[in-house]
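Chemist: Structure for the following, please:
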Amino acid sequence: MGLGKTVQAIASLVVLRNSGEHHFVVVCPASVLINWCREIEKFCDIGCVKIHGKDAMKSLQSWKENGGIAVTTYETLEKFEMNDLFKYGMLVVDEAHYVKNPNAKRTRNLLGILDNAKRVLFMTGTALENRVEEMCFLIGCLRPDIASEIKNIQALSGAPQFRKIIAPVYFRRTREDVLSELPDLIQKEEWCLLSDSEDKAYRDSALSENYMSMRQVSFLGVEPEESSKLQRLMQICEQAKEDNRKVLVFSFFINTIEAVKTALGDLCLEPITGSIQPSRRQEIIDEFDKAQSGAVLLAQIQAGGTGLNIQSASVVIICEPQIKPSIEHQAISRAYRMGQVRSVLVHRLLADETIDERILELLRAKQLLFDNFADISVSGQESLSLPESSLNDVFAKEVQKVKEEEYSFQS
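Modeler: Alright, predicted model coming up:
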C-alpha cells in the first residue's frame, strides 16, 4: 500500500492507448472515486469519464461512444450492459480484495464485465485477509489454470510451492523494495494505565457483556481528564504541533471520534465518517492539506483508511486495535506512501490489562499465515481478520476473568 499502484496502472493504460486501445474501465470503492479521477487527470491526457450517481447511464453511453477511462464503483457496475462483441482494452480493479467472496453481489457485478476486457489488472495491498481460499479465488478470476494448481496447497508446509506456482500472476512490491525512496516509519505501542473511573467503566461493560463498549475503553463513561488514552492522544497532538507536523486520528467508533473532537476543539477538521460523501471527503483532505501545522484529521478507519492520499500528515494515531491488521496497514498507508517526505510516526493507543491486549495477542498469531503465503511474491523478489468464533472466545475469556476478579474481591 502506498507504493505507486495507481500511477503504475495509469501508465499501463497510457501504453495501451499509444498502441491503439481506446476504452478502459477502472472499478474502485466509492470512497476513492474522486481521487482516481484526479489522479488520471494529473498523470495522463486520456479522457476520464466518471460513471456514478444519477447520470451514470448517460455517462456510460458517452464512454461507449467516445472512449476514455470509465471510472466507476462496484455498486454501479450493476448498471453496466455490454454485449459479447464489445471489447475494451483493460479493466483495472482497485482494492480487489473487495471481490474475494464469489457470492457477494459486487463480485457478481464485476464478473459480468470481466470477459469483455482484453486485459485485467487486480490491485490490492491486502491480497489475503481471512483465508487462503480467498486469494485463490482472486487468482482464479485472472488465471483459472493457476488456481486449479494451487487449490489443494493451503497448509503452511506448502507455502514455498504455492508462491512459486502463482508467480506468473502475482507481483508484490513491499516497502523494503523501495526503502531508499521512503522516509522512516516509526511505530510505537502506547500502553495506557486505566484510571479508577476507567477501570470501573470497563468492568461494568465486561459484567454486562457489552463487547463494543469494552473495545471503547477509555473513551466511554469517563470524563476527558480521567481518560488515559485521551490524555495521551492530546500529548501526542501537542508534540506534533511543536514539531510542525499534522495528525491523522483513526477509530472504528463514532463515539470515540466525537470524544476526541470535543477534547481537541478547533485543532480538528470535519471528521471523515461513513456518512460523508466521497466528493466531500476529498474536499476535507484538501482543507487539511492547506491547514496549519498541528491540524488534526479524524476519520472512521473504514471510511478514511483506504484509497486516500494524505501525505501532508506525518503522525498517525490509532485509538484501539482493529480486528484486521490490514485495516491498520491501510490507514497508516494514507500517510506513509510515495510522496511522503517526512518520517511517519504511528502511535497505537492500548489499555493495559484489557481486551486491547487480548486482541493484540491473537492478531500476532494470525499474521503468520499471510506472511507465509502472500507477503512475498516470487516474481517480485498485511492482514488476517479474526474469525468471529475466535473473537467471541477472546471476549468471553476476558469477561470471565473480570467476573472472577469481582467475585474474589467481594469474598
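Chemist: Pretty sure L207 sits against V399.
Modeler: Yes - assessed by Cβ atoms under 8 Å, L207 is found in contact with V399 at 7.5 Å. Yep, even glycine has a C-beta here, placed from its N, CA and C like the rest.
Chemist: Need phi/psi at L350.
Modeler: In this entry, L350 is assigned phi and psi values of phi -130, psi 140 (degrees, to the nearest 10).
Chemist: and the gap between it and G140?
Modeler: 39 Å (Cβ to Cβ, to the nearest Å).
Chemist: my read: L182 touches G339, true?
Modeler: No - L182 is beyond contact range of G339, at 9.6 Å (criterion: Cβ under 8 Å).
Chemist: between these two, who's got more neighbours?
Modeler: Under the criterion of other Cβ atoms under 10 Å, the comparison of L182 against G339 puts L182 first, with 19 against 12.
Chemist: The more buried one and R334, how far apart?
Modeler: 14 Å.
Chemist: try E41
Modeler: The separation that E41 has from R334, given Cβ to Cβ, amounts to 21 Å.
Chemist: Just the residues contacting stretch 347-358, thanks.
Modeler: Where contact means Cβ atoms under 8 Å, 6 or more residues apart in numbering, the residues beyond stretch 347-358 that reach it are 187-194, 198, 202, 211, 214-215, 217-218, 228-229, 232-233, 236, 315-321, 328, 360, 394-395, 397-398.
Chemist: biggest helix in this protein by residues?
Modeler: Counting residues, the longest helix found in the chain (DSSP state H) is helix 388-410.
Chemist: sorry, back to before: between L207 and V399, which is the more surrounded one?
Modeler: V399 (20 against 12).
Chemist: quick one: low-confidence parts of the protein?
Modeler: Low-confidence segments of the chain, defined by pLDDT under 70, are located at 1-3, 31, 129-130, 154-158, 174-181, 305-307, 365-370, 372-389, 407-411.
Chemist: Strands of that one, start to end?
Modeler: Counting by DSSP state E, the chain forms strands over residues 23-28, 48-51, 68-73, 90-94, 120-123, 185-192, 247-251, 296-300, 315-318, 344-351, given from the N-terminal end onward.
Chemist: Let's have those in JSON lines, adding distance to P224 and mean neighbour count.
Modeler: Below are these laid out as JSON lines (distance: least, Cβ to Cβ, whole Å; neighbours: other Cβ atoms under 10 Å):
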{"stretch": "strand 23-28", "distance to P224": "38", "mean neighbour count": "26"}
{"stretch": "strand 48-51", "distance to P224": "42", "mean neighbour count": "22"}
{"stretch": "strand 68-73", "distance to P224": "39", "mean neighbour count": "24"}
{"stretch": "strand 90-94", "distance to P224": "39", "mean neighbour count": "23"}
{"stretch": "strand 120-123", "distance to P224": "41", "mean neighbour count": "18"}
{"stretch": "strand 185-192", "distance to P224": "14", "mean neighbour count": "15"}
{"stretch": "strand 247-251", "distance to P224": "15", "mean neighbour count": "27"}
{"stretch": "strand 296-300", "distance to P224": "15", "mean neighbour count": "25"}
{"stretch": "strand 315-318", "distance to P224": "16", "mean neighbour count": "24"}
{"stretch": "strand 344-351", "distance to P224": "14", "mean neighbour count": "22"}
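Chemist: Tabulate these in a markdown table, adding columns for distance to V222.
Modeler: Below are the strands of the chain laid out as a markdown table (distance: least, Cβ to Cβ, whole Å):
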| stretch | distance to V222 |
| --- | --- |
| strand 23-28 | 40 |
| strand 48-51 | 45 |
| strand 68-73 | 40 |
| strand 90-94 | 40 |
| strand 120-123 | 42 |
| strand 185-192 | 12 |
| strand 247-251 | 16 |
| strand 296-300 | 19 |
| strand 315-318 | 19 |
| strand 344-351 | 12 |
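Chemist: Of all those, which one comes closest to K105?
Modeler: With Cβ to Cβ as the criterion, K105 lies closest to strand 68-73 of the strands of the chain, at 12.4 Å.
Chemist: Strand partners (parallel or antiparallel) of that closest one?
Modeler: strand 23-28 (parallel), strand 48-51 (parallel) (DSSP bridges).
Chemist: Quick one, which of the strands of the chain gets closest to K58.
Modeler: strand 48-51 (9.2 Å).
Chemist: Mind putting the strands paired with strand 68-73 into JSON lines with distance to A70?
Modeler: What follows is those, written out as JSON lines (distance: least, Cβ to Cβ, whole Å):
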{"stretch": "strand 23-28", "distance to A70": "5"}
{"stretch": "strand 48-51", "distance to A70": "5"}
